[in-house]
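Trainee: Next come a sequence and a model predicted from it.
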Amino acid sequence: MKLRNASFCDSGFNMHPEQPITANNPLLRTPAQGDLSDSAELEVARIETLLREHSFVGAVSAAAALRKLYPESRKVLYLLALGQRQLQRIGDALDTLAQMERFHPAASQLHEERGNCYVALRDAPRAIAAYECAVRVNPVMPTAWRMLERLYRLLGDETQRQRADAYAQRLESFPSEVITAARLLRDGEVVSSEKLIRDFLKRCGDHVEGMRVLAHIRSARLAFDEAESLLASVLTMAPNYSELRCDYARVLLSRYKYSEAIVQLDTLLRLDPTNVDYRTLRVTATVGLGDHEGAIGAYAALLADLTANSPVAADLNVSMAHSLRALGRRTEAIDAYKRAITLRRRCGDAYWGLANLKTYRFSDAEMEQLREAETAPSLSAGDRLHVCFALGKAFEDREDYAASWHYYQRGNAMKRAASKYRPELVEQNTALQSSVCTREFFNSRAGWGISERDPIFVVGLTRSGSTLLEQILASHSMIEGTSELAAIPQLALALHGANPDFSNPRYPACLAGMTEKDFAENARRYLIETRVYRHGKPLFIDKMPNNFRHVGLIHLMLPNATIIDVRRDPMACCFSNLKQLFARGQDFCYSIDDIARYYRTYVELMSHWDQALPGRLLRVRYEDVVNDLEGSVRRVLEWCRLPFESNCLKFQLTERSVRTPSAEQVRQPIFREGLNQWRHYEPWLGPLREALGDAIDRYGID
């Protein structure tokens, strides 16, 4: 069975359709601690010169001194390790690389240099493992591939030798600028990568590989429309280039164009029906379209064709479990998560999947496995993060709230440290929305957009009860339950333009320059793009919580669409977010200060919409729904201009896929216990109450 293609721009992961790519993209992060000043960059350049001149003692001395000022710098740590190896100080070099791995585990040069150290120690197995890790992180490493070819030849493994040689030969045939630009991109140096490849293309014209790299750069900078156009253009130049077509399919997936991606992937699968990558991407698109039944069958077929020790088998079981969970097939989902753990004993994603069912209880033996995994030095950062949140939920279920909070706090700290979320940008966006989208602004554009009332937008914070309301509404005969659709955030991202600068954004100020025709066209495009999730009912739900930031845009496009703001007590809502590990995005949830600031911003912006668009939104409090289900349902349906249906009171019986963390909970009758769960953690939530300030009182004001 054929595995991954030799795609030098391959993203290295399969995107999940529920994980929208946002401004939290790691390639757009702001400078982190350890980034270098201009004078330090000059010193790095001097150290590089010393290494080229074989002045290794001076290079190591200078790098060690610079390391004291910048202990987390990837460049400094790498150069120090390289110099130490050249001086035959292999132990020191490996220690430096271990330090580098703490801060930059995905740096390809880290793993390649580790391989070089093991070669110096004549430890072929460890060298091979390090080089293989390097090319998994970054396939654009001809020297690592060439070293693998030599090591496999030394060990007499002809199959692996040929594989490595094929990669090396192919990469060695590319222009050095293309290789360097691709490597810089994979190592997160997007600006340098783009400058290099654009200069190359100016000299060399329409070079296929160069344009591929540029397309991936544009994707990294969130210019997905440009990446799509680039790849479509290059595909006309090289229609039989399978890897290029796969790149194109990936970009279509990133734009949530699942049907179009399927067309490309089916073309690839006709040529190579056993390719694991193509099949996995195809099932990702299937999930994106909400066809979890089809996805489960595809996952099962994939797993049946894999060997027992396949490195992707555990992840495929986790993905299948997610789809089973979305359909409410709890027992089968548990079995799939447990198969993943059997295949990879410390599979953190599987443990968190079990915990995230909300109704699963870990046995004593499983608790011991979790604790052992969390303390294992060899556990990856990603697995450790998932295990911490799983332990937090496990101890919560056992009413050991001190231990539970310890692990929730530990998981949040790890997640926050890896994030470059900037709360001031969200607050700036709120201020801009308030200054641009005034009542006068909307009055002067009254009647703009299109008259269709198909969408019901359910907005608010995550973990506010929006999934419960969605399930209630989806139990009505005239309403289609869809999912957290990415169409509005994607449109907002497009309005930011190419190379978005979120410190100086174009949106929402650009709304003032848009015409009535612009808003109407965007509204029609929205309805076309969301049609794939619908199956004939007159109305449908778009439950993307963060759309509360785009109410003005929604109103100008679809003035007759229904908008419902679901709100939950701030202490309960914020705590519920603090104990939730999201698949992607929602980076404001991983510290008390961040979630409190975000909640305050949310209340502030919703208050602005109430003033600028009086009577435009219905506010629904989660607590009211719990305390008076029928009264709340009648009120919401009246707002949606729909007759009351008793099925909405029996929402837990409605069979549909639910992808959010509340999937299991909305398949049970309403229970009041969830209202005050946060009070078990009250001894540790004083800072949260203080940070929320007057939002605690303002949250319930209409």
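Mentor: Cool, got the structure.

Trainee: any idea how far the helix or strand harbouring residue 333 is from the chain center?
Mentor: Assigning secondary structure by DSSP states H and E places residue 333 in helix 330-343. Mean-position distance between helix 330-343 and its chain equals 23 Å (CA atoms, centre = their mean, to the nearest Å).

Trainee: Same question for stretch 677-691.
Mentor: How far stretch 677-691 lies from its chain's middle: 28 Å, per CA atoms, centre = their mean.

Trainee: For that stretch, buried residues please.
Mentor: 678, 680-681, 684-685, 688, 691 (16 or more other CB atoms under 10 Å). Quick note: C-beta positions are derived from backbone N, CA and C, even for glycine.

Trainee: which pair in those spans the largest distance?
Mentor: Using CB to CB, the buried residues of stretch 677-691 span at most 19.5 Å, a distance reached by 680 and 691.

Trainee: And the helix holding residue 333, what does it pack against?
Mentor: When contacts are defined as 3 or more CB pairs under 8 Å, 6 or more residues apart in numbering; DSSP states H and E, helix 330-343 packs onto helix 313-326, helix 348-355.

Trainee: Can you lay out the ones you listed as TSV showing mean pLDDT, distance to residue 341 and mean neighbour count?
Mentor: Output for those, formatted as TSV (pLDDT from 0 to 100; distance: least, CB to CB, whole Å; neighbours: other CB atoms under 10 Å):
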stretch	mean pLDDT	distance to residue 341	mean neighbour count
helix 313-326	95	8	24
helix 348-355	96	5	26
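
Trainee: quick one: which of those helices is nearest residue 181?
Mentor: The nearest among the helices and strands packed on helix 330-343, by CB to CB, is helix 313-326 at 29.5 Å.

Trainee: Helix or strand: which one has residue 234?
Mentor: Here residue 234 is assigned to helix 224-237, by DSSP H and E.

Trainee: and that helix, what does it pack onto?
Mentor: In terms of contact count using 3+ CB pairs under 8 Å, 6+ apart, helix 224-237 is assigned the packing partners helix 208-220, helix 242-254.

Trainee: Deepest-packed of these, please.
Mentor: helix 208-220 (a mean of 24; mean count of other CB atoms under 10 Å).

Trainee: and that one, what does it pack onto?
Mentor: helix 176-186, helix 190-204, helix 224-237, helix 242-254.

Trainee: With just CA atoms, put the last one into PDB.
Mentor: In other words, helix 242-254. Output in PDB follows, covering the C-alpha atoms of helix 242-254 (Å, rounded to 0.1, in the frame of the first residue of the first chain):
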ATOM      1  CA  SER A 242      -0.500  14.000  -8.500                       C
ATOM      2  CA  GLU A 243       1.200  15.800  -5.600                       C
ATOM      3  CA  LEU A 244       0.100  19.100  -7.000                       C
ATOM      4  CA  ARG A 245      -3.500  18.000  -7.300                       C
ATOM      5  CA  CYS A 246      -3.300  16.800  -3.700                       C
ATOM      6  CA  ASP A 247      -2.000  20.200  -2.700                       C
ATOM      7  CA  TYR A 248      -5.000  21.700  -4.500                       C
ATOM      8  CA  ALA A 249      -7.400  19.400  -2.700                       C
ATOM      9  CA  ARG A 250      -5.900  20.400   0.600                       C
ATOM     10  CA  VAL A 251      -6.400  24.100  -0.100                       C
ATOM     11  CA  LEU A 252     -10.000  23.400  -1.100                       C
ATOM     12  CA  LEU A 253     -10.500  21.600   2.200                       C
ATOM     13  CA  SER A 254      -9.000  24.600   4.000                       C
END
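
Trainee: show me where the stretch 1-150 of the chain has strands.
Mentor: With strands called from DSSP state E, counting those that start in this stretch, the stretch 1-150 of the chain shows none.

Trainee: Minimum distance to residue 158: which of the helices and strands packed on helix 208-220 has it?
Mentor: Between the helices and strands packed on helix 208-220, helix 242-254 lies closest to residue 158; by CB to CB that is 24.5 Å.

Trainee: so after that closest one, what's the next helix or strand?
Mentor: Later in the chain than helix 242-254, the nearest helix or strand by DSSP H and E is helix 258-271.

Trainee: Run the angle between the helix holding residue 234 and helix 242-254 for me.
Mentor: 150 degrees (axes from the mean of the first three to the mean of the last three CA atoms, to 10 degrees).

Trainee: Kindly calculate the angle that helix 224-237 makes with helix 258-271.
Mentor: Going by the same axes, to 10 degrees, helix 224-237 makes 30 degrees with helix 258-271.

Trainee: So that it lines up with my notes, have the first residue be 26 from now on.
Mentor: Yep, numbering from 26; the last one is helix 249-262 now.

Trainee: Pull out the buried positions in helix 249-262.
Mentor: Of the residues in helix 249-262, 249, 251-253, 255-256, 259-260 count as buried by neighbour count, 16+ other CB under 10 Å.
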